[in-house]
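Participant: build the 3D model from these lines:
(one chain, ligands or ions: 1)
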Amino acid sequence: MLIDTHAHINDERLLPLAADIHAGLPEKGMESLVVVGYDRPSSETAAALAAEYPRYYASVGIHPHDADSATKEDYEYFERVSAFDKVVAIGEIGLDYYYDLSDREAQKRVFAEQIELGHALKKPMIFHVRDAYGDALKILKDNASKLEYGGVMHCYGGSGEMMREFIKLGLHIAFGGAVTFKNFSKADVVKAVPRGRLLLETDCPYMTPVPYRGKTNLPEYILLVRDKIQEWRKDISVEETTYKNAKELFNI
Ligand code: NI
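Facilitator: Residues are numbered from 1 along each chain as shown. Purely as a prediction, here's the structure:
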């Protein structure tokens, strides 16, 4: 069985397909998926999807792109909705210096505030970090005591050395469709992740794997991610290992 740990069924491209995708999961060998919020409205949609569909779980949070507009009311909403047991994580939260859509100081502040929130709510966290691994590592280290419920570096694209730093902090490392790209250069990093910390994801509708690039990504394409990683990980069953890891991290 497979679990997609990062799917945006709350995206307007996938939302109309929510019922069909849900109904099709078992025949694709998928048990469930985590619908990940990135701002207040998408978090509300994620929670609503989790309430409606048994195989959908939700994560709520403010993406670094929207850090500028994060409010106290957003945090209060996350706190309220986290009482619902199918809200399994806080995220995606983090830093994105590639797009720089929010001021960097605001990104850092909102990242730290949500780590604090996630810890207070006893939830694991989903981290989005792009071109900002150094600063993200510093913030995570400064808040190491608040990571006791775990977390995942989603769509990991950093170095092996940096990966080992995140592992030391108790975090998981997730890979998605990028592993199938011709220019993917991190096979050695995928090979080096400790088996107990490896996760699969799609980040659908983004990051569509080969051979569907240019089309909308779907949860079922996680099979392509699994197969690619299995080529590199002769030491484990990627499906069994990542399934168990996802169940444990998200308590699902
Ligand atoms: Ni995402």
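
Participant: where does the chain have low pLDDT?
Facilitator: Flagging of the chain using pLDDT under 70 yields an empty set of residue ranges.

Participant: what segments of it are strands?
Facilitator: According to DSSP state E, the chain carries its strands in the segments 2-7, 30-36, 56-60, 87-96, 125-130, 151-153, 172-175, 198-200.

Participant: now these in a markdown table, with distance to Val210 and mean neighbour count?
Facilitator: All C-beta spots, glycine's among them, are computed from the backbone N, C-alpha and C. A markdown table is the format used below for the strands of the chain (distance: least, C-beta to C-beta, whole Å; neighbours: other C-beta atoms under 10 Å):
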| stretch | distance to Val210 | mean neighbour count |
| --- | --- | --- |
| strand 2-7 | 18 | 28 |
| strand 30-36 | 20 | 25 |
| strand 56-60 | 27 | 29 |
| strand 87-96 | 24 | 27 |
| strand 125-130 | 21 | 26 |
| strand 151-153 | 22 | 28 |
| strand 172-175 | 14 | 26 |
| strand 198-200 | 16 | 23 |
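
Participant: would CSV of the ones you listed with distance to Ala67 be doable?
Facilitator: Formatted as CSV, those follow (distance: least, C-beta to C-beta, whole Å):
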stretch, distance to Ala67
strand 2-7, 19
strand 30-36, 16
strand 56-60, 15
strand 87-96, 9
strand 125-130, 11
strand 151-153, 18
strand 172-175, 22
strand 198-200, 25
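
Participant: those strands: which one's closest to Ala112?
Facilitator: Nearest to Ala112, of all the strands of the chain, is strand 87-96, at 9.5 Å by C-beta to C-beta.

Participant: can you check what angle separates that closest one from strand 2-7?
Facilitator: 50 degrees (axes from the mean of the first three to the mean of the last three C-alpha atoms, to 10 degrees).

Participant: which helices and strands does strand 87-96 pack with?
Facilitator: Applying 3 or more C-beta pairs under 8 Å, 6 or more residues apart in numbering; DSSP states H and E, we find strand 87-96 packed against strand 30-36, helix 40-52, strand 56-60, helix 104-120, strand 125-130, helix 133-142.

Participant: what about Glu73, neighbour count?
Facilitator: 9 (other C-beta atoms under 10 Å).

Participant: OK, contacts around it?
Facilitator: Glu73 sits next to no residue when contact means C-beta atoms under 8 Å, 6 or more residues apart in numbering.

Participant: give the contact list for the residue nearest to Asp68 when sequence neighbours are not counted.
Facilitator: Nearest non-adjacent residue to Asp68, counting by C-beta to C-beta, 6 or more residues apart in numbering: Ser102, 4.2 Å away. Shown in contact with Ser102 (C-beta under 8 Å, 6+ apart): 64-69, 110.

Participant: from those residues, which is closest to Gly157?
Facilitator: Using C-beta to C-beta, Pro64 is the member of those that sits closest to Gly157, with 14.9 Å.

Participant: measure the closest one to Lys168 for me?
Facilitator: As judged by C-beta to C-beta, to the nearest Å, Pro64 and Lys168 stand 23 Å apart.
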